[in-house]
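Visitor: my questions concern the predicted model and sequence given below.
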Amino acid sequence: MLLIPCPYCAETLPEVEFAYAGEAHVVRPSDPSLMSDEEWENYLFIRTNAKGTHFERWRHIHGCGRFFNVVRDTVSDKIYMAYKAGEPKPKIDALLEKQR
Amino acid sequence: MTKFSGFSILKHAFTGHKNWTAQWPESQPKDEYDVVIVGAGGHGLGAAYYLAKEHGITNVAVVDKGWIGGGNTGRNTTIIRSNYLYDESARLFDHAVDLWQGLSQELNYNVMYSNRGVLMLAHTVHDIQSFKRHIHANRLNGVDNQWLTTEECKAFCPPLNTSPTARYPVLGGALQKRAGTARHDAVAWGYARAAASRGVDIIQNCAVTTIRRNSNGSVAGVETEKGFIKAKKVVVSAAGHTSGIMQTAGINLPLESYPLQAFVSEPIKPIFPCVVMSNAVHAYISQSDKGELVIGSGTDQYTSYSQRGGLPLIEHTVAAISEVFPTFNRMRMLRKWGGIVDVTPDRSAIVSKTPVQGLYVNCGWGTGGFKATPGAAHTLAWTVAKDEPHPINAPFSMERFRTGRLIDEAAAAAVAH
Ligand SMILES: Cc1cc2nc3c(=O)[nH]c(=O)nc-3n(C[C@H](O)[C@H](O)[C@H](O)COP(=O)(O)OP(=O)(O)OC[C@H]3O[C@@H](n4cnc5c(N)ncnc54)[C@H](O)[C@@H]3O)c2cc1C
Ligand SMILES: [Zn+2]
């Protein structure tokens, strides 16, 4: 079971308290009608499905109820960090360096 | 290749079964092939077999990063059925079930296909309504599926708890009689042996790292751990690892990879005559020929390549099984494992040409592609040989995510397998 740090509650809690909410930093286009079919497909359906470092959204459904982002390695399932929704994507190289 | 028969088994019995020879050779890659298939699961091996048998294309290699059938083909719970709601799915899966019936004879290899019936339990009024709708839709498509009352369910599957006070009372069920199980390893081995006997090379322990393209954009071959292999056509059929391989050819697919787990109990005497699935409690169960109860449920909620899966799913699955089959609640579980399944947004597969000339893809089978193995492989071989969709796999193209012509089994069934 994953142990997930909620940046709002400032606590690391078992996965069963949380709901996974897909890849992070997928921005909804402001005017879909201007988009080509290909761009719309990319937004709706195409994901990186990264094997390695993955930026993803979680929601603390059985806690504060808020969405936030997590950086996880999808091979080892190790969680590197969590950050609040709306914060910029962390620079992963610096992050990995710090972990070493 | 030695042909298996009652006589050959008898003959080998007299020499203590010491003279059986290898069923297919261990091949090393040649410099060049007409077709290279990435992934030696049932789908890839089956496609190689049908390419050789039905299209006379025998200069083919199937390349796997591990051992054949070591992916989801060797990790699944082997449920085979075709009672899907949409016409496109019904056609594809029923084509597979047709092929399953005679597959042991076709391959001269016992894949132990057993049409013991798959029963889906209805626990709520909503279940009853949607299952009956399914049954009618299936029948219109010529796919067998029938409604059983609670008493009929109990008669068909005696270990079932049909008490009206059960937490999830059994209000009836949908039974597909032609559905059942097969021996997963034997499917990989049977296709491998039959393909190899027609000249196909099966290359293990050789991960494909990159798909290489010519300057005009068409496919040139694959870079592997054992060097570059030139190929006129390349087929990627690597389940949960497909999206990463396809990205090396510049193609981004609508796939996400999730761990899916299963486990087996200690072996017991025959007690469970069929396959039972329940959407509401979300678990399914059957008994293998070795006597183990084979149990599974859904994927983990998060994407991962860990091939392990998390504890919450196991807990949930065991709880669900104990609820519907109280007689099993003190069984010991012997082993559990996980596979990495590639899931599409509409939960239907992709069997398709790609924008890269000479590159084909078979993926997105997610949690339920074992049952499709012969049908997927058969129509995929056609697509590769003729460079055009087969009438049955045409709707499963990768373009559907652009055109919006989805085959939304996710919304239709919400059933995993
Ligand atoms: C626990 C579990 C239970 C399931 N239960 C059912 C069920 O009851 N009924 C059902 O119909 N389906 C079920 N499925 C789904 C089913 O197993 C799959 O859909 C099906 O087996 C896919 O077959 P395949 O040949 O496409 O893939 P696989 O058998 O996974 O083959 C893909 C192969 O590609 C290889 N590969 C990967 N990357 C590379 C690379 N870079 N280079 C070379 N080779 C590579 C892998 O080693 C693997 O052997 C289940 C799956 C799991 C995990
Ligand atoms: Zn919280």
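Guide: Good, I have the coordinates. Ligands and ions are numbered 1, 2, ... in the order given.
Visitor: only C-alpha atoms from now on, for both contacts and neighbour counts.
Guide: Fine.
Visitor: in the helix or strand bottoming out on mean pLDDT in chain A, which residues are buried?
Guide: Lowest mean confidence among the helices and strands of chain A (mean pLDDT, DSSP states H and E): helix A:92-99, at a mean of 74. Under the neighbour-count criterion of 16 or more other C-alpha atoms under 10 Å in any protein chain shown, helix A:92-99 has nothing buried.
Visitor: then stretch B:120-139?
Guide: Buried residues in stretch B:120-139, counting neighbours by 16+ other C-alpha under 10 Å, are found at B:120-123, B:127-128, B:131-132, B:134-138.
Visitor: which intervals of the chain have sub-threshold pLDDT?
Guide: If you meant another chain, say so; for now it's chain A. A:99-100 (pLDDT under 70).
Visitor: hmm, I had chain B in mind actually
Guide: Counting by pLDDT under 70, the ranges of chain B that qualify are B:411-417.
Visitor: look up phi and psi at the residue nearest to the spatial centre of chain B.
Guide: Nearest to the mean C-alpha position of chain B, by C-alpha atoms, centre = their mean, lies residue B:370 at 1.3 Å. Dihedral pair for residue B:370: phi -60, psi -40, per degrees, to the nearest 10.
Visitor: pretty sure it sits against residue B:78.
Guide: Yes: Residue B:370 is within contact range of residue B:78, at 6.3 Å (criterion: C-alpha atoms under 8 Å).
Visitor: up against ligand 2, what does chain A have?
Guide: Counting by C-alpha under 5 Å from the ion, the residues of chain A close to ligand 2 are A:6, A:9, A:60, A:63, A:64.
Visitor: what sits against the first one?
Guide: So the one you mean is residue A:6. By C-alpha atoms under 8 Å, 6 or more residues apart in numbering or on different chains, the residues touching residue A:6 are A:12, A:13, A:60, A:68, A:82.
Visitor: mind checking how far it is from residue B:260?
Guide: According to C-alpha to C-alpha, to the nearest Å, residue A:6 stands 26 Å off from residue B:260.
Visitor: same deal with the fourth one?
Guide: Counting by C-alpha to C-alpha, the gap from residue A:63 to residue B:260 is 27 Å.
Visitor: any chance you could map the helices in the chain?
Guide: Let's take chain A. All helices of chain A, identified by DSSP state H, fall at A:37-44, A:92-99.
Visitor: could you do chain B instead?
Guide: Using DSSP H, helices in chain B cover B:6-14, B:42-55, B:87-101, B:103-107, B:125-140, B:150-156, B:184-196, B:242-247, B:311-324, B:373-386, B:400-403, B:409-413.
Visitor: most tightly packed of those?
Guide: Mean neighbour count (mean count of other C-alpha atoms under 10 Å in any protein chain shown) peaks for helix B:42-55 among those, with a mean of 27.
Visitor: chain center to that helix: distance?
Guide: 15 Å (C-alpha atoms, centre = their mean, to the nearest Å).
Visitor: stretch B:174-190 now?
Guide: Averaged over its C-alpha atoms, stretch B:174-190 has a centre that lies 9 Å from its chain's centre (C-alpha atoms, centre = their mean).
Visitor: do stretch B:24-33 as well
Guide: With C-alpha atoms, centre = their mean, you get 26 Å for stretch B:24-33.
Visitor: endpoints of it, how far apart?
Guide: End-to-end distance for stretch B:24-33: 19 Å, by C-alpha to C-alpha.
Visitor: repeat that for stretch B:343-363.
Guide: 9 Å.
Visitor: same thing with stretch B:57-66?
Guide: Note: stretch B:57-66 ends 25 Å apart using C-alpha to C-alpha.
Visitor: buried residues, it. List them.
Guide: B:57, B:58, B:59, B:60, B:61, B:62, B:63, B:64, B:65.
Visitor: test my guess that the last one contacts residue B:202.
Guide: No: the pair residue B:65 and residue B:202 does not pass the contact test of C-alpha under 8 Å, sitting 11.4 Å apart.
Visitor: more neighbours: which of residue A:63 and residue B:260?
Guide: Shown here are residue A:63 and residue B:260; by other C-alpha atoms under 10 Å in any protein chain shown, residue B:260 has more neighbours (27 against 13).
Visitor: nearest residue to the more buried one in space, please, no chain neighbours.
Guide: Using C-alpha to C-alpha, 6 or more residues apart in numbering or on different chains and skipping residues adjacent in sequence, the residue nearest residue B:260 is residue B:299, 4.4 Å away.
Visitor: in this structure that neighbour contacts residue B:259, no?
Guide: Yes: taking contacts as C-alpha under 8 Å, residue B:299 lies within contact range of residue B:259: 5.7 Å.
Visitor: quick check: PyMOL command selecting the buried ones in the contacts of residue A:6.
Guide: Burial among those is assessed by 16+ other C-alpha under 10 Å; the matching PyMOL selection reads:
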select buried, chain A and resi 13+60+68+82
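Visitor: just the contacts of residue A:6 now: which is nearest residue B:379?
Guide: Within the contacts of residue A:6, the smallest distance to residue B:379 is 43.6 Å, found for residue A:68 (C-alpha to C-alpha).
Visitor: report the beta-bridge partners for that closest one.
Guide: Beta-bridge partners recorded for residue A:68 (DSSP bridges): residue A:58, residue A:84.
Visitor: can you give me every residue that contacts it?
Guide: Residue A:68 sits in contact with A:6, A:7, A:57, A:58, A:59, A:82, A:83, A:84, A:85, where contact means C-alpha under 8 Å, 6+ apart.
Visitor: quick one: contacts for the residue nearest to the spatial centre of chain A?
Guide: Centrality entry for chain A: nearest residue to the mean C-alpha point is residue A:56, 1.7 Å, by C-alpha atoms, centre = their mean. By C-alpha under 8 Å, 6+ apart, the contact set of residue A:56 is A:20, A:21, A:22, A:23, A:24, A:25, A:69, A:70, A:71, A:72.
Visitor: so which of those residues is the most crowded?
Guide: Counting neighbours by other C-alpha under 10 Å, residue A:69 leads the contacts of residue A:56 with 27 neighbours.
Visitor: ok, for that residue, nearest residue in space, not its chain neighbours?
Guide: Distances taken as C-alpha to C-alpha, 6+ apart put residue A:57 closest to residue A:69, at 4.5 Å, once the chain neighbours are dropped.
Visitor: got the contact list for residue 3?
Guide: With no chain named, the answer covers chain A. Applying C-alpha under 8 Å, 6+ apart, the residues near residue A:3 are A:12, A:13, A:14, A:15.
Visitor: oops, chain B please
Guide: Neighbouring residues of residue B:3 by C-alpha under 8 Å, 6+ apart: residue B:108.
Visitor: any idea how far it lies from chain A?
Guide: Using C-alpha to the nearest C-alpha, to the nearest Å, one obtains 43 Å as the distance from residue B:3 to chain A.
Visitor: likewise for residue B:173?
Guide: From residue B:173 across to chain A, the span is 31 Å (C-alpha to the nearest C-alpha).
Visitor: beta partners of that residue?
Guide: Going by DSSP bridges, residue B:173 forms beta bridges with residue B:121, residue B:148.
Visitor: pretty sure it sits against residue B:124.
Guide: No: applying C-alpha under 8 Å, one finds residue B:173 not in contact with residue B:124, separated by 10.7 Å.
Visitor: contacting residues for the closest residue to residue B:226 other than its chain neighbours?
Guide: Excluding the flanking residues, the one nearest residue B:226 by C-alpha to C-alpha, 6+ apart is residue B:206, at 6.2 Å. Applying C-alpha under 8 Å, 6+ apart, we find residue B:206 in contact with B:63, B:64, B:65, B:66, B:224, B:225, B:226.
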